[in-house]
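Novice: Dropping the sequence and predicted coords here.
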Amino acid sequence: MTFLAAKAQGGSLIPKMYLDRVEVSIHGKPYDYYSFSDRAPLELEVSGPGELTVITRWLFPQDFDGPEAYNITVVTNNAREDVFLFSARPSSKAILEKSPELQPGLPKKITFDVPKGIHTYTFFLERPEGRGVLAHITLTKPWSWNWKTSLTNTYDDNVYRYSPGDIDNFVYHREDERFSMETYDDLIVSPSLTVFVTRRFSQNIQSRLRLSYRCNLFTKNGDRNYQTFSTFLKTTAFKKNYLQLGYFHIPEFHIRPYWDQDVSPLSSDDGEKYRECDFARNLFSIKLGREVFHATRVSVHYERDILYYNQYFTEYDTKANTFGFEIVHTFNPIVRTTFEYAFKMAEAKGYDEPGETKDLSDDSDISYDEDQFRGGIEFSISNYVSLPANVTLQYRLNKRYFTTEKSLEQDPFHAGRRDTIHRFSLMTEVEIFRSLSIIGTYEYQRRDVSSKEKERITEVKNYNRNRISVGFELTY
């Protein structure tokens, strides 16, 4: 069968000549393979420069243990010949759903550095005779790009993170001056776009730039709308080492009305004592990782987090440093676990008027230290749903210790205060079509506050929050 050479999704190639096209399912995800034999070669026409990778799989009869040896000769531009000798066994992960009597073998890889120009590669199966082999072909260019876009709908039952008592006050119209929200729950629509640009410097070194934008639109409480921008540059060397630089930005994020202690106590309007609190965020990060064992990756990271608040709460302006590490271990292609720990030190400005200092001001000091823990497990359920699908369970624990040196009388909202924040999430991702996935997520969040000012602080700052989201993601 003869076809014009064409580029398929993900950098894969359709050969100019092959025997047959078959679909191989690996962990539930389909891949296009092309068969050839000793009588019918595989021929490619490739435009360089780039790296040509051909994954071959021997075809075994079902229930055959192997091993089986086979030889492939590759002729380049009808001149140079390269011979590859392989010994393969059947793969327990690859399935030919339309030909269950056959079992694909373990993958064996052939690579070529393709120079600039048009080049022809012809693959001949030399031995054994009368048998067949499958090939999946990809071409990696020095420069490449792809993108993904998503649309997520999220129901949040406590968008302002109010305590149960405050929610009751809002519902029954008590202390209305404290609340500017339309509803305490909301539906959030979040479109996003991410662009990836990859630069391959050599067979062992490549860099990937990721640019992302996300918009969060609240159906009822428009003052909560916000945008995020992020960029990450990740350089990988020899597939085991990587360095990642990152930047994350929120231009404006509305929290909720806060009590402003700078308002005159003689003010007769209680509503004037509450001001809208907003901030802008800039987060810089660097991450260094290495695969230390065959299935274990270890990384260390540093973050510089800078928050600037609006004019009513400039004493809250904060600069923080975070140091942490992460361990990711893959038990097998189906199960992967993650553990992360980080320690954050946040130093707040602590004053808001010219001539003041942090020690002598009459403002709150929100400086804190924080222990951050994260553990998760991801596993494939493809064998149960007949589609590529993963489930991820994750738990986060943040223990925050406010470090102000002010007395309880000077700063009752933060002196001696301890916050414990729990986050539990369950996410399921199913690839319903090639490049199109549906993602469902449930998240539960709770904050428990410990303070001597129990009535003023603990009963106000504690909260529970549930979020349920469903989204679609399209990758090109």
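Specialist: Now that the structure is in, tell me what you want to look at.
Novice: so who does residue 142 touch?
Specialist: With contacts defined as CB atoms under 8 Å, 6 or more residues apart in numbering, the neighbours of residue 142 are 49-50, 199-201. Using the backbone N, CA and C atoms, a C-beta is placed for each residue, glycine as well.
Novice: Would you mind listing which of the residues you listed are buried?
Specialist: The neighbour count (16 or more other CB atoms under 10 Å) marks 49-50, 200 as buried among those.
Novice: Let me know the closest of those residues to residue 284.
Specialist: Nearest to residue 284 out of these is residue 200 (CB to CB; 26.4 Å).
Novice: gap between the closest one and residue 287?
Specialist: 21 Å (CB to CB, to the nearest Å).
Novice: ok, which stretches of the stretch 51-200 of the chain are strands?
Specialist: Counting by DSSP state E, counting those that start in this stretch, one finds strands in the stretch 51-200 of the chain at the ranges 68-76, 80-88, 94-95, 102-104, 108-127, 132-140, 143-156, 186-200.
Novice: mind putting the ones you listed in a markdown table, mean pLDDT and distance to residue 401 included?
Specialist: Shown next, in a markdown table, are the strands of the stretch 51-200 of the chain (pLDDT from 0 to 100; distance: least, CB to CB, whole Å):
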| stretch | mean pLDDT | distance to residue 401 |
| --- | --- | --- |
| strand 68-76 | 93 | 62 |
| strand 80-88 | 92 | 57 |
| strand 94-95 | 88 | 52 |
| strand 102-104 | 90 | 56 |
| strand 108-127 | 92 | 52 |
| strand 132-140 | 92 | 48 |
| strand 143-156 | 95 | 28 |
| strand 186-200 | 96 | 31 |
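Novice: Distance to residue 258 for those - can I get that in a markdown table?
Specialist: Formatted as a markdown table, the strands of the stretch 51-200 of the chain follow (distance: least, CB to CB, whole Å):
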| stretch | distance to residue 258 |
| --- | --- |
| strand 68-76 | 69 |
| strand 80-88 | 66 |
| strand 94-95 | 58 |
| strand 102-104 | 62 |
| strand 108-127 | 59 |
| strand 132-140 | 52 |
| strand 143-156 | 20 |
| strand 186-200 | 20 |
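Novice: looking at these, which is closest to residue 233?
Specialist: That would be strand 186-200 among those, by CB to CB, at 9.6 Å.
Novice: So which other helices or strands are in contact with that closest one?
Specialist: On a contact count with 3 or more CB pairs under 8 Å, 6 or more residues apart in numbering; DSSP states H and E, strand 186-200 meets strand 143-156, strand 205-218.
Novice: in its sheet, what does it sit against?
Specialist: Sheet pairing of strand 186-200 (DSSP bridges) gives strand 143-156 (antiparallel), strand 205-218 (antiparallel).
Novice: contacts for the first one?
Specialist: The reference is to strand 143-156. 11, 185-200, 439, 465-476.
Novice: what's the answer for the last one, then?
Specialist: Contacts of strand 205-218 with the rest of the structure, by CB under 8 Å, 6+ apart, involve 159, 186-201, 224-238.
Novice: Give me the below-cutoff pLDDT ranges for the chain.
Specialist: 1-11, 263-272, 454-456, 458-459 (pLDDT under 70).
Novice: Got the domain ranges for it?
Specialist: Following automatic domain parsing, one finds the domains of the chain at 6-140, 144-475.
Novice: which residues touch the spatially closest residue to residue 88 that is not a sequence neighbour?
Specialist: Spatial nearest neighbour of residue 88, excluding adjacent residues (CB to CB, 6 or more residues apart in numbering): residue 105 at 3.9 Å. If you count contacts by CB under 8 Å, 6+ apart, residue 105 has them with 57-60, 66, 68, 88-91, 94.
Novice: If we use 6 Å, what do you get?
Specialist: 57-58, 60, 88, 90-91 (CB atoms under 6 Å, 6 or more residues apart in numbering).
Novice: Residue 80 bridge partners, please.
Specialist: residue 76.
Novice: go on, the one 5 residues further on?
Specialist: For residue 85, the beta-bridge assignment (DSSP bridges) gives partners residue 71.
Novice: rewinding a little: now do the residue nearest to residue 88 against residue 416, distance only.
Specialist: From residue 105 to residue 416 the distance is 65 Å (CB to CB).
Novice: got it, and residue 21?
Specialist: 69 Å.
Novice: cool, and residue 324?
Specialist: Distance, residue 324 to residue 416, using CB to CB: 26 Å.
Novice: likewise residue 194?
Specialist: 43 Å.
Novice: And for residue 195?
Specialist: 47 Å.
Novice: about what we covered before: which of the buried ones among the contacts of residue 142 lies closest to residue 121?
Specialist: Taking the buried ones among the contacts of residue 142 together and measuring to residue 121 by CB to CB, the closest member is residue 50, at 12.2 Å.
Novice: From what I see, the closest one and residue 141 are in contact.
Specialist: Yes. Using CB atoms under 6 Å, residue 50 is in contact with residue 141, at 4.5 Å.
Novice: Not counting sequence-adjacent ones, nearest residue to residue 113?
Specialist: residue 51 (6.0 Å).
Novice: Touching, that neighbour and residue 140? I think so.
Specialist: Yes. Taking contacts as CB under 6 Å, residue 51 lies within contact range of residue 140: 4.4 Å.
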